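**Q** Got a sequence here, can you model it:
(3 chains)
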Amino acid sequence: MTANYSTFSNGVHMSAVSVEEGRARDGRDPGRQTVAILGSGDYSRSLAGRLVQAGFTVVVGSRDPDRNARFFTQGADVTTRRAALSGAGLVFVAIHRENYPDLQADRDALAGKILIDVSNNTEIPEGESNAEYLASLFPDSTVVKGFNVVSAWSLSSGLFGGSKEVFISSDDGNARKTVMQLAQDLGFVPVDYGSLRAAREIEAIPLRLLPSWHLALKMFLVVFVTFFLYCLYRIVIFRAITGINQASHIPVSVMNMTFAGTAITLLCLVYIPGIFAAFAQLYNGTKYKRFPNWLDKWMLARKQLGLLSLLASIVHAFLSFMIWSPSYYSRLFEQTVTPSGEVKYGKLRWSGETFLLFGALSLFLMAVLGVSSIPSVSNAMNWREFNFVQSKLGWVVLIFAIVHNAVYGAEVFTLPRLFSSYTIAVFQLTLVLPAILVLMKVVTLLPCVGPRVDRIRRGWERSKPATHAVTTADEPQEETSLMSA
Amino acid sequence: MTANYSTFSNGVHMSAVSVEEGRARDGRDPGRQTVAILGSGDYSRSLAGRLVQAGFTVVVGSRDPDRNARFFTQGADVTTRRAALSGAGLVFVAIHRENYPDLQADRDALAGKILIDVSNNTEIPEGESNAEYLASLFPDSTVVKGFNVVSAWSLSSGLFGGSKEVFISSDDGNARKTVMQLAQDLGFVPVDYGSLRAAREIEAIPLRLLPSWHLALKMFLVVFVTFFLYCLYRIVIFRAITGINQASHIPVSVMNMTFAGTAITLLCLVYIPGIFAAFAQLYNGTKYKRFPNWLDKWMLARKQLGLLSLLASIVHAFLSFMIWSPSYYSRLFEQTVTPSGEVKYGKLRWSGETFLLFGALSLFLMAVLGVSSIPSVSNAMNWREFNFVQSKLGWVVLIFAIVHNAVYGAEVFTLPRLFSSYTIAVFQLTLVLPAILVLMKVVTLLPCVGPRVDRIRRGWERSKPATHAVTTADEPQEETSLMSA
Amino acid sequence: MTANYSTFSNGVHMSAVSVEEGRARDGRDPGRQTVAILGSGDYSRSLAGRLVQAGFTVVVGSRDPDRNARFFTQGADVTTRRAALSGAGLVFVAIHRENYPDLQADRDALAGKILIDVSNNTEIPEGESNAEYLASLFPDSTVVKGFNVVSAWSLSSGLFGGSKEVFISSDDGNARKTVMQLAQDLGFVPVDYGSLRAAREIEAIPLRLLPSWHLALKMFLVVFVTFFLYCLYRIVIFRAITGINQASHIPVSVMNMTFAGTAITLLCLVYIPGIFAAFAQLYNGTKYKRFPNWLDKWMLARKQLGLLSLLASIVHAFLSFMIWSPSYYSRLFEQTVTPSGEVKYGKLRWSGETFLLFGALSLFLMAVLGVSSIPSVSNAMNWREFNFVQSKLGWVVLIFAIVHNAVYGAEVFTLPRLFSSYTIAVFQLTLVLPAILVLMKVVTLLPCVGPRVDRIRRGWERSKPATHAVTTADEPQEETSLMSA
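**A** Take a look at the predicted model:
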C-alpha cells in the first residue's frame, strides 16, 4: 500500500517537488501524472477536462469506450476499466451508488488505490453515506470523500469567485492529504473534514436549499401577512361594510402600505438582535458566554433580513410611483379652489417634498448597502470600511425611513378619523417598532452603558480585571453588519 | 540544459520544498529566487512588482538601465540584459515581437534558459504565433507561452475574483510544468494548453470581444427592430396617413411598446431552447447524443438573453413611469363626467392596479435573478439553490410578465379597432410566443412525458436499461439556468 | 535554530513534499502538523478552526484552558501555554500588545521559534510596530508579521472573492518564506513585504477607511454644494426677495437640479484627467515621464467619481419621477385651452419625450457600467472587453446625458427670463463643463494628434525612434476606465 502511495504521491505532488526528483522516481514524463476516472457521465467528462488542463494524464475507464470516447476532451484516454486502473494510484469513482457493486469485477485492480467518491444523493441520506458504502465494498482500497460539492458545470467553466472550497474526508491521513493537494492543484481550497464518517455531512451539503434564508423568510412572511391583513381590514373590509369611505383596491393601494410597513419593520429586526446582544453581554459581564440559541440564530439572519427589507422597499417605491398623484395623496399637494368651486392640484407642498426626499435618500442608501454586501465587493473592503458602511450607514437608512414615514403622517397624526375602525393608521402602526428600537439604542449609548459595552467587546470581563483575548481592528462586533456576508 | 532546470527548479519550488533542501542546493538565500525580465515597459514593471511581492529576486534587463530604474519597484534590480541573464534560469520576454531579433546579441546567454513569451497582438495573428517565432529564433532555448491574458493592471492591483486562469503552452513538459508552478506561486490558476502550437489559440484569447454575447445581441437586435418597425407602422405611419387617430410620438410611446415586446420575447427565447433540448432527448432516447449545433449555441446564449431581457424590462419600466398618466392610459383610470360634460380621472381601476402590480413584481423578481447571476453571488450558491433561483423563479417572472400584459389588454382584447391597420395590437402580438412556449412546457410536464425526460437526464438510455453515468445533485440540467454563468 | 526550522518546515510543507519524506522526518502522522496559538480570543478561535480545516494539528495556549476549551472547534487542543509551545515550531501570538510582556515567563520555550504577530491597533501606530516591539522582547525568537488584515470573520466563513492577500514581513528570509507557504496552505495569497520594519506599513492597512474614496468624495462635496447654493440663490432666495416668481421648495425642486448638475459634472471629471494625460504625454513626447502628482491622484479617483456620478443620477431620476407632472414641467406637455380659457395638459410633446428617452437611456447604460465595475464582473472580462465597456460606453453615456440636458433647454435657451437674477439657468451652467470636455476630446482625435498619442502610448518616444517597451493587448491605457477597479 505504501508502495502505491509513493508511486502516486510524486504524481500529484509533481507540481511541488522539483522536476528531477519526479523523473528520478519513474520513467514517465514527470510533467504529466496519471489519474483514473471510472464512469463516463457529464461529471466524468468535466473532471477529465479540468485534470488535463491542470497537467495530469487522465485515463477514463468506461464500459463502452468506443461509444463514449468522442465526448471527452483531447488528452483524456478513454479505455476499459481494467486498463484505466493499471497505471493510476488515484481513482475517481464517478458512477452511481447503485452501480458500485459492479466494480467488484475489478476488485483486485482497485486494491491499494485511493478511491475518490464524488457522488451525491437526491435527498439527504440516512445512515451510511455513499463513501462509507464504497469503503465497505472495497476494504483493500482507501476511500476518500470529496469534490461532490463541485458541479460538472463549475469544473468545465473556469469561473471562480465565491466558495472554492472542496470538503475532503477519509480515515487515512495520507490519502486525505494527497487528495487535498490534488484539490489545490486543480485550483480549489481543500477543507479537511477528518474521518470518513464526516462523508455523511459532506454529502448533505449540496442538498441544502439556502439554509441561511429560512429564518429570515419566515420572519418576512409573518410580518408581511400581518400588515396585509391589517390593511385589508382597515381600508377595504371595514370601509366596504360601513361605506363611510370608498374601499381601496387591493393590488396597489393595500400592497403598497403592506410593503412599506414590512420594509421598515424588517429593517428594525436587523438591529434589534444586536441590542439584545449588548444587553446580554452587560448582564453576563463578559462576551465569552454563549447567547441564547434563538438570539444566535437571529443574529445570523441579519444579512438576509436586510436584503429582504431592501427588496420590500424597492417594491414599495415602485408601487408608490404608480399611484403617485393627487388622486391618492391629495394631502401632499397644493390645492386651489376655482370660482366654480372645483379643486385644482398644483405642485407639492413642503411636507410632500420632504416626505419624498427622505424616502428617496433612504432607499438609495439602502441600495448602496445592498451592493456592498455582494461577496466580491464586501471582500474588497477591510473590516473598518465594512463596519462603517454596514452599521453607520445602516442606521442612517433607518432614521431616514422613519422620518419619511413620520413626515407623511405628521399633520394628521391626531386626526380622529385615523382611529376609525377601532384601529390606528398603518403609518402609526409602522412607527411603533422603530420607536422602541431607537429608545433601546439610546440606552446602549448612555455614558454609563456604552463604554462598558465597548470594554466587554474588547474582551474585558467583570469576573477578572485584565484579559488576554486579542481583538483585531478588523473583527466584526455583534452589533454591526446590516448585510454582512 | 538539465543543469539549468535544476538551478532554477528549486528556485520556483522554494515555496514548496523545505528550506533546508533549498539551502542545500545553492548558496543563495533560499527564500528569494532569481527571475529575469527583458524589457522595461509597463508590463515589465507590474510583473516585477508582483514577482517581488511573491518573494522572488527580480533582475530586469533594460537597454537603458539608468533611465528606467526609477520606474521599477524596490527589490527589482534593473541592469543590462547580459547581467540580468547571467543569474536566472527563467526569463520573461516582455518586448514587442518586432524587437525579438535584437535579442540575437545575447543568443549565447539565452541558450538553455526558459523564455516566457508574454506578448500579445493587436489583431488575431495569422499563421505563426509570437511564441513560435521566438522559438524559431532561439532553438537553444525553451520557449513557453503564458501570462499574456494577464494585464499589467491586474498584476499591479491585488484584485482577484473572476477568472484567475493563466494559459501555458510549450513543447517541453518540464518547462511547462515549471512555469505552471510559477503561475501558481503568483496566485493564478495555471491551465495546461499542451504544445507550443497552442500559443496561436492563447494569443487569440485577449482579442476576443465578449464572444458569448454575439448571438444574444444579434437576437436582441432582430427582435427589437421587428417590434420597432411594427409599432412604427401601426401607431405612427398608418395613423399619420389615415388620420383616424393622432399619430404617437416615437421617442417614448413607440420605444416603450418596443422595449416591452422585446423584454417578454427575449425571456421566452431563454426557455425555448431548453424545451427543444427535452424534445431532442426524447426523440434520441438518450442525453449522450449531441444537440444540433444551432441548439448548442442557443443554449449557451441563455444567460445573455436573460440579462438583455432584464435590461429591456428596466428601460420599459422607466419609460412607462414617464408617461404614466390618464393621458396615455385613460382606460385604466376611474372616470367621472362632470355636469359640464367634462371627463375627470380619479384613482386607478382594479384592472389598472392589477396590471401594475404584476409588472412591478415581475421586474423585481427578474432583478433578483440578475443579481444572482453575478459571478461571486452565483458561485456562493450550490447547484440546487442556483437551479431553484434561475429556473423556478425564472418561470414565475415569465408568468407574471404574461399576466401583466394580458390584464392590460383583457377588456379590449376583441375590440374591432385593435385590428385596424390590417394588424393586431402590439400587446396581442407580444402574447403569441409566450402562448406557444407555455403550451410546449405543459407538454413536457405531462405524466407520460415528464418522468421520461427526467430519467433520460439522469443517464437512462432507451437503447439499454441501466446506465453508469453519474449525475451529481448539483449538476445543471439542460432546461434550467435563466442567467447561469 | 535551524533544527527548529527543519522540525517545522516539513510540517507546513507537508502538503507539498511527498508523504514518505514527511514520515521519514518525524514519527507523527505526516498528514497533520502542529501549530501553536497563544491567546483564546475570537481571532484565536477562528484561526484554530481554519488551521484544523487545512489539516494542521492546532494546540492553543490559554491561561485558563478549562474555561476556554469549550469555545474552540473540535481538533484544536486547548492547554497551557507551556504545553502548547513544546510541540510546535510555529507560534501565532494572538494577544494584545499590552500583554506581550506576560509572555516573558515562557521566554525559553519561545526561543528559536517563529512567532507570528497577528495583532492590530485601533489607531495608526507611531514609531515602533507591535511586531518590532515583540521582536525586541524576544531576541531569541524569529518574529514574522502577518495575517492582521484577515478578520476572524473571514477566517471562520469560507467566503473568498475579493482580496485574499496576506501581507508578510520578517527580517528572516526563511521564516518569511515558511509563513508565506502557510498562508498559501490556508487559501490566501501571501505578499512579501520584506523586512520587519514594513510591519508598520502592514499594521496601518486595516485602519485605512476607504482611502481611494477620499479625493472623489471631496470633489463630490465641492460640486454638490456649489450647485446647491447656486440653485438656492436662483430659484429660492432671489425669487423670495423679488417675488417675481413663487419660490421653489428645497427638498425636491432644488435637490433635483443639484443632483442633476452634480451627476453630469462628475461624469466629466472622470474623463478630463485622461485628456490632460494625453496632452501631458504629447508635451513630454513620452509616456515614461511621471505625471504631476495631482493628475496621478485624480486618475486613481476616476472609478469612484464614476460611481458617485451614477448614484447622483439615480437620485436625480427618483426625484424627477416624484415631481414629473405638468405642474413642474408644463413646457414639455401638449396644452389645450378650453373655451372657458382654462389650460388642459395632454400627452408629452416631441421635445418632452426626446428629453425623457435620452435621460432614461443614459442612466440605464450608466447602470450597466456600474455593474461591470463589480470586481467579480470586471475580472471576468479581458482587457479589450473592459476597455470597450468602460471607455466607449462611458462616452455614450456622457453624450446622452448632454443631449438629455440640451433638449430640455433647447427651446428656451435664449429666453431673457433665464438670465434673471444676474445668473444663467442651471441647465446652462451644467452644460459648460461638458462643452469644454467634448472640445478637448475632439482635439485629441484630430488626425494630427490622435495617431501620435497612440504611438506614444504604445511606447514610442520623441527622443529616440524605436522602443522596446511591450504593450500587451489587454493593458489599460490612461484615457480609459470610467469605473475600472
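**Q** contacts, neighbours, all on C-alpha from now
**A** OK.
**Q** quick one: low-confidence parts of the stretch 301-450 of chain A?
**A** Across the stretch 301-450 of chain A, the ranges flagged by pLDDT under 70 are A:379, A:382-383, A:419.
**Q** Oops, could you answer that again for the stretch 51-200 of chain A instead?
**A** Where the stretch 51-200 of chain A drops to pLDDT under 70, the residues are A:124-125, A:153-154, A:156-163.
**Q** where do the strands sit along it?
**A** With DSSP state E, counting those that start in this stretch as the criterion, the stretch 51-200 of chain A has strands at A:56-61, A:76-79, A:90-93, A:114-117, A:142-145, A:165-170, A:189-192.
**Q** can you check the stretch 301-450 of chain A too?
**A** Assigned strands in the stretch 301-450 of chain A, in chain order: A:333-337, A:343-348 (criterion: DSSP E, counting those that start in this stretch).
**Q** near chain B at all, the longest one?
**A** Think strand A:343-348. No. Residues of strand A:343-348 are not located near chain B by Cα under 8 Å from any Cα of the partner chain, the shortest gap being 11.6 Å.
**Q** deepest of the strands of the stretch 51-200 of chain A, which one?
**A** Stretch with highest mean neighbour count among the strands of the stretch 51-200 of chain A: strand A:142-145 (a mean of 30; mean count of other Cα atoms under 10 Å in any protein chain shown).
**Q** How about the contacts made by the residue positioned nearest the centre of chain A?
**A** Note on chain A: the residue nearest the mean C-alpha position is A:Ser212, at 5.9 Å, using Cα atoms, centre = their mean. Residues near A:Ser212 by Cα atoms under 8 Å, 6 or more residues apart in numbering or on different chains: A:Leu300, A:Ala301, A:Gln304.
**Q** between the residues you listed, which is nearest chain C?
**A** Distances from chain C to the contacts of A:Ser212, taken as Cα to the nearest Cα, are shortest for A:Leu300 (12.0 Å).
**Q** how about that closest one, what does it touch?
**A** Taking Cα under 8 Å, 6+ apart as the test, what A:Leu300 contacts is A:Ser212.
**Q** Which positions within the helix ranked longest in chain A qualify as buried?
**A** Using DSSP state H, we find that the single longest helix of chain A is helix A:255-284. Residues A:255-282, A:284 are the ones in helix A:255-284 that count as buried (16 or more other Cα atoms under 10 Å in any protein chain shown).
**Q** Next secondary structure after it?
**A** On the C-terminal side of helix A:255-284, the closest following helix or strand by DSSP states H and E is helix A:293-300.
**Q** now that following helix against helix A:255-284, angle please.
**A** Between the axes of helix A:293-300 and helix A:255-284, defined by axes from the mean of the first three to the mean of the last three Cα atoms, to 10 degrees, the angle is 120 degrees.
**Q** average model confidence for helix A:293-300?
**A** Mean pLDDT, computed over helix A:293-300, is 88.
**Q** Distance check, the residue nearest to the centre of chain A against A:Leu269.
**A** As judged by Cα to Cα, to the nearest Å, A:Ser212 and A:Leu269 stand 16 Å apart.
**Q** isn't there a helix covering the residue nearest to the centre of chain A?
**A** Yes. Counting by DSSP: H, G, I helix; E, B strand; the rest coil, A:Ser212 is located in a helix.
**Q** List the buried residues for stretch A:316-330?
**A** If you call a residue buried by 16+ other Cα under 10 Å, then stretch A:316-330 has these buried ones: A:His316, A:Ala317, A:Phe318, A:Leu319, A:Ser320, A:Met322, A:Ile323, A:Trp324, A:Ser325, A:Pro326.
**Q** With stretch A:94-101 instead?
**A** Neighbour-count burial for stretch A:94-101, with 16+ other Cα under 10 Å as criterion, is recorded at A:Ala94, A:Ile95, A:His96, A:Arg97, A:Tyr100.
**Q** Quote the end-to-end distance of it.
**A** 13 Å.
**Q** I'd like the buried residues of stretch A:316-330 written out as CSV, with distance to chain B added.
**A** Below are the buried residues of stretch A:316-330 laid out as CSV (distance: Cα to the nearest Cα, whole Å):
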residue, distance to chain B
A:His316, 10
A:Ala317, 10
A:Phe318, 7
A:Leu319, 7
A:Ser320, 11
A:Met322, 7
A:Ile323, 8
A:Trp324, 10
A:Ser325, 8
A:Pro326, 9
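**Q** Turn the residues you listed into JSON lines, including distance to B:Leu110.
**A** Shown next, in JSON lines, are the buried residues of stretch A:316-330 (distance: Cα to Cα, whole Å):
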{"residue": "A:His316", "distance to B:Leu110": "68"}
{"residue": "A:Ala317", "distance to B:Leu110": "67"}
{"residue": "A:Phe318", "distance to B:Leu110": "67"}
{"residue": "A:Leu319", "distance to B:Leu110": "70"}
{"residue": "A:Ser320", "distance to B:Leu110": "71"}
{"residue": "A:Met322", "distance to B:Leu110": "72"}
{"residue": "A:Ile323", "distance to B:Leu110": "75"}
{"residue": "A:Trp324", "distance to B:Leu110": "75"}
{"residue": "A:Ser325", "distance to B:Leu110": "78"}
{"residue": "A:Pro326", "distance to B:Leu110": "81"}
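**Q** Closest to chain C out of those residues?
**A** A:Trp324 (7.3 Å).
**Q** Name the nearest residue to the closest one, sequence neighbours excluded.
**A** Spatial nearest neighbour of A:Trp324, excluding adjacent residues (Cα to Cα, 6 or more residues apart in numbering or on different chains): C:Met322 at 7.3 Å.
**Q** hang on, isn't the one you found packed against A:Phe321?
**A** Yes. Here C:Met322 reaches A:Phe321: they are 7.1 Å apart, a contact under Cα atoms under 8 Å.
**Q** what bridges to A:Phe167?
**A** In this entry, A:Phe167 is beta-bridged to A:Val191, by DSSP bridges.
**Q** Just list the residues touching it, thanks.
**A** Residues near A:Phe167 by Cα under 8 Å, 6+ apart: A:Lys145, A:Gly146, A:Phe147, A:Val149, A:Pro190, A:Val191, A:Asp192, A:Tyr193, A:Ile202.
**Q** residue farthest from the centroid of chain A?
**A** A:Pro339 (61.9 Å).
**Q** quick one, phi/psi of that residue?
**A** With angles defined as degrees, to the nearest 10, A:Pro339 sits at phi -50, psi -40.
**Q** Please report how far it lies from B:Ser313.
**A** Taking Cα to Cα, one finds A:Pro339 at 45 Å from B:Ser313.
**Q** now swap in A:Arg331 and tell me
**A** On the measure of Cα to Cα, A:Arg331 and B:Ser313 end up 33 Å apart.
**Q** So for those two, which residue has more residues nearby?
**A** The neighbour count for A:Arg331 versus B:Ser313, taken as other Cα atoms under 10 Å in any protein chain shown, is higher for B:Ser313 (27 against 18).
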